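Peer 1: Structural data only, the sequence is not supplied:
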């Protein structure tokens with residue numbers, strides 16, 4: 001048994017496959033393979049100063065394409081790839097500099113992707129993370145996907161931004177082989193971007209040929225709302241012309257081998273991770289490598305993912321990279337979008353002066369039913385702060401008591417903002433022992449009520465009490481739930 005140790009991780013390999021003597025295993029990279037004799041050579045390409053000095057960087061002006069590798073020496077494979085860039089951590093550079101790879105003289109690239117997305121991170125951001133084939137660590141971008149070819153390879157970088165790439169440093173290693181391996185397939189990476197549409201899943205890859213799918217990078221954010229409701233979407237994979245997907249998932253974060261909307265925060269692991277999970281911007285960037293579970297196809301593959309439970313999330317920006325191996329020729333890639341920069345982070349709608357329902361969760365008390373803070377960004381409609389107080393009673397007579405502050409005493413009009421849904425009940429509101437109006441919470445779909453005048457109540461300077469009581473429900477409703485976005489105290 002071989003043990004491989006990484007800080008914080010211990011992995012045991014109990015059965016390492018050993019290649020027959022003389023086999024050219026360009027794809028092997030395990031520790032158990034290291035003692036075997038290596039055929040071929042290591043060909044090194046780098047930005048090193050050809051004069052022997054220390055000017056090791058290359059400048060790539062706006063609009064310029066720079067060639068990192070142009071190799072015509074026979075069969076081999078790219079086995080290691082490192083770059084670093086300046087200006088550092090620059091969104092324009094990281095999202096608008098495009099990597100392309102061409103294998104065996106092909107006219108159209110098999111790899112076409114912005115730099116940061118190719119190395120596993122969305123939104124043109126930099127963040128230290130580690131995975132098996134890709135990582136970003138202490139200023140360096142690293143790639144270990146094996147990329148075989150029969151006689152030649154060319155790798156370029158195009159600067160599509162409006163600013164110069166002042167310093168491109170790189171080291172790329174090719175391991176040669178005495179003869180091509182007929183069983184090896186070509187490496188591909190394809191970037192796509194789309195704005196979600198109701199009823200339509202997001203397409204990550206459509207490819208024809210024979211091969212296997214090995215990885216996904218997916219970066220998602222709402223365009224006009226906060227929240228993470230788009231993560232309700234399931235992956236759907238159809239191979240070889242299937243009329244119905246043979247692979248169907250249970251949720252987006254589930255596909256990325258995580259759970260509960262990545263609620264423990266950003267992380268990275270060998271085969272999966274979410275290096276970006278940002279509550280302030282509602283941004284998620286996650287990766288999943290199908291290294292132990294590649295998805296084979298003999299004629300075609302379509303990889304799609306839903307946004308929201310029924311492709312019904314509000315408009316969201318989805319950027320993806322699909323990684324796969326296949327025979328040539330490959331299907332034409334869709335054109336890169338003209339706009340590669342990330343969408344601005346959405347700003348949650350706020351109602352001025354509203355006492356937010358979710359701010360009262362900690363002090364709320366109920367005679368029955370759980371009380372929770374619920375994100376509403378995944379639903380069509382506007383909730384102040386994209387959140388509400390969610391109360392889950394089960395019968396008539398349940399009461400919820402809320403305590404809220406006021407700066408001055410006097411009679412005030414109470415204007416409530418609630419949520420309606422098909423399992424919501426009727427709620428009667430009282431403030432400081434004065435019984436006010438009743439709100440009917442039923443609707444066929446989740447929706448924000450807008451302003452509802454409940455009547456006038458005496459308000460004290462300091463703490464005040466509001467009671468919500470379940471007093472019935474619409475005949476079509478399936479429950480007695482309640483959602484409070486908040487309320488205003490108006491003169």
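Peer 2: That came through fine. Keep in mind the model is a prediction, meaning the values are calculated, not measured.

Peer 1: I'd say residue 168 and residue 57 touch.
Peer 2: Yes - Residue 168 is within contact range of residue 57, at 6.3 Å (criterion: Cβ atoms under 8 Å). All C-beta spots, glycine's among them, are computed from the backbone N, C-alpha and C.

Peer 1: who touches both of the two?
Peer 2: Common contacts of residue 168 and residue 57 (Cβ atoms under 8 Å, 6 or more residues apart in numbering): residue 47.

Peer 1: Now for residue 251: which residues touch it?
Peer 2: Contacts of residue 251 (Cβ under 8 Å, 6+ apart): 231, 232, 233, 234.

Peer 1: Arrange the residues you listed in a markdown table, one row each, with distance to residue 157 and neighbour count as further columns.
Peer 2: Below are the contacts of residue 251 laid out as a markdown table (distance: Cβ to Cβ, whole Å; neighbours: other Cβ atoms under 10 Å):
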| residue | distance to residue 157 | neighbour count |
| --- | --- | --- |
| 231 | 33 | 25 |
| 232 | 37 | 20 |
| 233 | 33 | 28 |
| 234 | 36 | 19 |
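
Peer 1: need the residues you listed in TSV with distance to residue 395, can you?
Peer 2: Rendered in TSV, the data for these read as follows (distance: Cβ to Cβ, whole Å):
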residue	distance to residue 395
231	32
232	29
233	34
234	34
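
Peer 1: Sitting in helices, which of the residues you listed do you find?
Peer 2: The helices, defined by DSSP state H, take in nothing from those.

Peer 1: Between those residues, which sits nearest residue 212?
Peer 2: Within the contacts of residue 251, the smallest distance to residue 212 is 21.1 Å, found for residue 234 (Cβ to Cβ).

Peer 1: From residue 131, how far out is that closest one?
Peer 2: Distance of residue 234 to residue 131, computed by Cβ to Cβ, to the nearest Å: 23 Å.

Peer 1: neighbour count winner among residue 168 and residue 57?
Peer 2: Per other Cβ atoms under 10 Å, whichever of residue 168 and residue 57 has more neighbours is residue 168, with 22 against 17.

Peer 1: what about the strands in the stretch 351-491 of the chain?
Peer 2: 355-356, 365-366, 370-375, 387-392, 399-406, 410-420, 426-431, 434-440, 447-459, 462-472, 482-490 (DSSP state E, counting those that start in this stretch).

Peer 1: Out of those, which gets nearest to residue 100?
Peer 2: strand 370-375 (39.3 Å).

Peer 1: Go through the strands of the stretch 351-491 of the chain and name the closest to residue 67.
Peer 2: Nearest to residue 67, of these and by Cβ to Cβ, is strand 370-375 at 47.1 Å.

Peer 1: Would you mind getting the angle between that closest one and strand 399-406?
Peer 2: Counting by axes from the mean of the first three to the mean of the last three Cα atoms, to 10 degrees, strand 370-375 lies at 60 degrees to strand 399-406.

Peer 1: domain assignment for the chain?
Peer 2: 1-39, 41-326, 355-490 (automatic domain parsing).

Peer 1: Quick one: closest of these to residue 332.
Peer 2: Of all the domains of the chain, it is domain 41-326 that lies closest to residue 332, at 6.6 Å by Cβ to Cβ.

Peer 1: still on that earlier bit, can you add distance to residue 376 and pLDDT and give the contacts of residue 251 back as JSON lines?
Peer 2: Listed next are these as JSON lines, based on distance: Cβ to Cβ, whole Å; pLDDT from 0 to 100:
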{"residue": "231", "distance to residue 376": "14", "pLDDT": "94"}
{"residue": "232", "distance to residue 376": "13", "pLDDT": "93"}
{"residue": "233", "distance to residue 376": "17", "pLDDT": "96"}
{"residue": "234", "distance to residue 376": "21", "pLDDT": "97"}
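
Peer 1: low pLDDT regions in this structure?
Peer 2: 1-29, 378 (pLDDT under 70).

Peer 1: Find the nearest non-adjacent residue to the residue of the chain most remote from its centre, please.
Peer 2: Taking Cα atoms, centre = their mean, the residue of the chain most remote from its mean C-alpha position is residue 410, at 49.2 Å. Leaving aside its chain neighbours, residue 410 sits nearest to residue 459 (6.0 Å; criterion: Cβ to Cβ, 6 or more residues apart in numbering).

Peer 1: For residue 438, list each beta-bridge partner.
Peer 2: Beta-bridge partners recorded for residue 438 (DSSP bridges): residue 428.

Peer 1: what about it, how many neighbours?
Peer 2: For residue 438, using other Cβ under 10 Å, the count is 15.

Peer 1: OK, contacts around it?
Peer 2: 426, 427, 428, 429, 471.

Peer 1: Make sure the last one is actually in contact with residue 429.
Peer 2: No - with contact defined as Cβ under 8 Å, residue 471 does not reach residue 429; the gap is 10.1 Å.

Peer 1: So which of those two has more stuff around it?
Peer 2: Remark: of residue 471 and residue 429, residue 429 carries more neighbours, 24 against 16, as counted by other Cβ under 10 Å.

Peer 1: What number of residues are in the vicinity of the residue lying closest to residue 239 once chain neighbours are set aside?
Peer 2: Residue nearest to residue 239 in three dimensions, not counting chain neighbours: residue 297, with 4.3 Å by Cβ to Cβ, 6+ apart. For residue 297, the number of neighbouring residues by other Cβ under 10 Å comes to 24.

Peer 1: quick one, what contacts residue 297?
Peer 2: Counting by Cβ under 8 Å, 6+ apart, residue 297 has contacts 207, 210, 211, 212, 213, 239, 240.

Peer 1: out of those residues, which one sits closest to residue 32?
Peer 2: residue 212 (22.9 Å).

Peer 1: Spatially, and excluding backbone neighbours, which residue is closest to the closest one.
Peer 2: That would be residue 294: by Cβ to Cβ, 6+ apart, it lies 4.0 Å from residue 212.

Peer 1: which among the contacts of residue 251 gets closest to residue 362?
Peer 2: Proximity of these to residue 362 (Cβ to Cβ) peaks at residue 231, which lies at 25.3 Å.

Peer 1: Pretty sure the closest one sits against residue 253.
Peer 2: Yes - counting by Cβ under 8 Å, residue 231 touches residue 253, with 5.2 Å between them.

Peer 1: Could you measure from residue 63 over to residue 339?
Peer 2: Taking Cβ to Cβ, one finds residue 63 at 17 Å from residue 339.

Peer 1: Just give me the neighbour total for the closest residue to residue 444 other than its chain neighbours.
Peer 2: In space, and not counting its chain neighbours, residue 444 is closest to residue 422: 5.8 Å by Cβ to Cβ, 6+ apart. Residue 422 has 16 neighbouring residues, counting by other Cβ under 10 Å.

Peer 1: Hmm, residue 422 is touching residue 475, no?
Peer 2: No - using Cβ under 8 Å, residue 422 is not in contact with residue 475, being 12.0 Å away.
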